[in-house]
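> Based on what follows, work out the 3D shape:
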Amino acid sequence: MPLVAIVLAALAIGFEQFIQWKYGPMGIIAFVALAVGLKARNTLISGIGAVILVMLLAQSG
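You can find the predicted model right below:
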């Protein structure tokens, strides 16, 4: 079980670094808002984070 937690944490940190590198500070803010909203089961905050991420993805395409 601890190995799975370490692997998941490493993947989350890697994904966070990729978002920061690719989309800058706004991407990391959106990712954090999405993660916090999902963890707290707050649909408003997770929705805001998801919308910002979608806007950043649409802009780069």
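> which residues are in contact with stretch 17-27?
Residues outside stretch 17-27 that contact it (C-beta atoms under 8 Å, 6 or more residues apart in numbering) are 28, 30-31, 52-53, 56, 60. Glycine gets a C-beta too; all of them are placed from N, C-alpha and C.
> which stretches of the chain form strands?
For the chain, applying DSSP state E gives no strands.
> where exactly do the helices run in it?
Along the chain, counting by DSSP state H, helices occupy 2-40, 43-60.
> hmm, back to that, would you format the contacts of stretch 17-27 as a markdown table with distance to L8 and neighbour count included?
Output for those, formatted as a markdown table (distance: C-beta to C-beta, whole Å; neighbours: other C-beta atoms under 10 Å):
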| residue | distance to L8 | neighbour count |
| --- | --- | --- |
| I28 | 19 | 15 |
| A30 | 20 | 22 |
| F31 | 15 | 22 |
| I52 | 24 | 18 |
| L53 | 20 | 19 |
| L56 | 24 | 18 |
| S60 | 26 | 9 |
